[in-house]
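Enquirer: I'd like to go over a predicted model; first the sequence, then the structure.
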Amino acid sequence: MCADNEKTQMVQYHSLLSKICNYNNEGSLRIKKADYNVFDVLGVSRKEVIMCRFFADLLNPDGAHGYGILFLKTFLEEVLKIKEFNDGLLTHTSVLTEYVIDDARRIDIVICNKDNFIPIEVKICAEDQKSQCYDYYEFASLYDNNAKVVYLTCYGKEPSVFSRKQTNGNLILSLDKIKCISWSDDIFEWLSRRIKDVNGQMKEMLMQYMDAIIDITNGVSAKIMNKNVELLSESVDYFQAGLQIEKVMKYAKVRLIQNVFRDFEKEMSFLTEKYNLMPEKEICYYSYEESENQRFYDCYSTYPGLNYVIKNAHFNNTDLQMWFRIEVEHNLFAGFVMYDKKADKDARYEGYQVEKIDDEMIREASKYLSKEIISPDDWWLAFCYPNGKHEVGDYEDVPNFKNMNASAIKLVDDAERKLYVKKAVKLFERELLQYLL
């Protein structure tokens, strides 16, 4: 009977994972970023002024896009739910940016004609300003009896009371005078529907602008996550299966880290003699093989790593050693470190990493390591990421095992992992090991 229950559970797990996998693949393909994106290159996706200018040009009937009232008409009807504008009025509608209402106030975008005045406040990274929405509404209502402030944010959040409250008074603009819309859903979906209406260069630019929206809203992840939540909620069995998967997932991720280090250990075996490296097996300082690493996802990091003693490096303080170390903090990286075999800092180890590399250590270390790459930081003499970068950062092309970015996930595949490790070791040799003297 127990065997039957286990078999039924496994079927449920497989069914759930298959559905989630299928949707994730479909979603990634359906909303795939372009290989080359001018908005990424120029770094404008988080610059509200430039995002506004492109958006405003789309809405402008006389915009450079050359599609007349297409974008304005569909934006008003589909996003703002305004259908009273006839084509003639739309043709004579102006779309203005940074519209000045007084010395201290500029409305990001204004849509206006003889009957209407629609202020649009755009938020990407900026915070609410004091009385901003209140002042915009007061100004707009002078020209439009049905005025509303359009408040465009990443996820459609409401403006704060700070923005809706009168500057020198107690009046607060009611939320029914504000139309909240989002980049993530309203603008993205509206533009998605326009792809079929345009062609050529405009189509490509529109898709790249949508990529920029994905960048500021993490749109792909949010949509996939919501769909996955819906799948988990389809049945009690699926929800139960999800709970079981959740329990074991962190152990699966820890196993992935261990597999990565095992591959590094195999690949490094070809370099140990060439660079006088000795695998450190006595102390096993923050080794990837420690059972402590089962807690990697329960704390900041357990620092799993792989250590090699530089055999020909000798110091006046005979307790000091120079190691080559490959480590996962969150990201994967490698470098040279200084270790004190007699330091008494942690009961788990016979020694401990040096607290700070001083000038004397640098002088002695430079006998064995080219001084040009020594840039001390805590116990590190020099380090490098597997993409060749030496500056501290969180790079998309470097596996991050805490956040499980795409570069980490792809290493689940045996062939992909072995190839990645082989390339990483070659890069570590070029950027680090070859500087051993």
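Expert: Cool, the structure landed. Numbering: from 1, shown residues only.
Enquirer: which pLDDT value does the model give Ile101?
Expert: pLDDT for Ile101: 89.
Enquirer: next up, the contacts around it.
Expert: The neighbourhood of Ile101, defined by CB atoms under 8 Å, 6 or more residues apart in numbering, consists of Ile107, Asp135, Tyr136, Phe139. C-beta coordinates here come from the backbone N, C-alpha and C atoms, glycine included.
Enquirer: now for the residues you listed: which two are most distant?
Expert: Largest separation among those by CB to CB: Ile107 and Asp135, giving 9.3 Å.
Enquirer: so where do the strands sit in the chain?
Expert: Counting by DSSP state E, the chain has strands at residues 94-102, 105-112, 117-122, 149-153, 178-182, 277-279, 305-310, 320-328, 332-340, 352-353, 380-384.
Enquirer: so which of those is nearest Tyr288?
Expert: In terms of CB to CB, the element of the strands of the chain nearest to Tyr288 is strand 305-310, at 6.0 Å.
Enquirer: how distant is the closest one from the center of its chain?
Expert: Relative to its chain's centre, strand 305-310 lies at 31 Å (CA atoms, centre = their mean, to the nearest Å).
Enquirer: give me the contact list for it.
Expert: Here strand 305-310 has contacts from 261, 264-265, 268, 272, 275-280, 283-288, 321-328, 336, 368-369, 436, using CB under 8 Å, 6+ apart.
Enquirer: repeat that for 7 Å
Expert: Contacts with strand 305-310, where a contact means CB atoms under 7 Å, 6 or more residues apart in numbering, come from 261, 264-265, 272, 276-280, 285-288, 321-328, 368, 436.
Enquirer: one more: stretch 326-346?
Expert: Residues outside stretch 326-346 that contact it (CB under 7 Å, 6+ apart) are 257, 264, 285, 301, 303-306, 319-325, 350-354, 357, 361, 369, 379-386, 394, 398-403, 428, 432.
Enquirer: just the buried ones from the contacts of strand 305-310?
Expert: Among those, those buried by neighbour count (16 or more other CB atoms under 10 Å) are 261, 264-265, 277, 280, 285-288, 321-328, 368, 436.
Enquirer: about what we covered before: okay, the strands of the chain in CSV with distance to Ile216 next?
Expert: CSV is the format used below for the strands of the chain (distance: least, CB to CB, whole Å):
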stretch, distance to Ile216
strand 94-102, 18
strand 105-112, 15
strand 117-122, 11
strand 149-153, 10
strand 178-182, 11
strand 277-279, 45
strand 305-310, 36
strand 320-328, 29
strand 332-340, 28
strand 352-353, 40
strand 380-384, 31
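Enquirer: out of the ones you listed, which is closest to Leu411?
Expert: strand 332-340 (9.3 Å).
Enquirer: so which of the strands of the chain gets nearest Asp197?
Expert: Set against Asp197 and scored by CB to CB, these come closest in strand 94-102, at 18.3 Å.
Enquirer: okay, now the sheet partners of the closest one, with direction.
Expert: strand 105-112 (antiparallel) (DSSP bridges).
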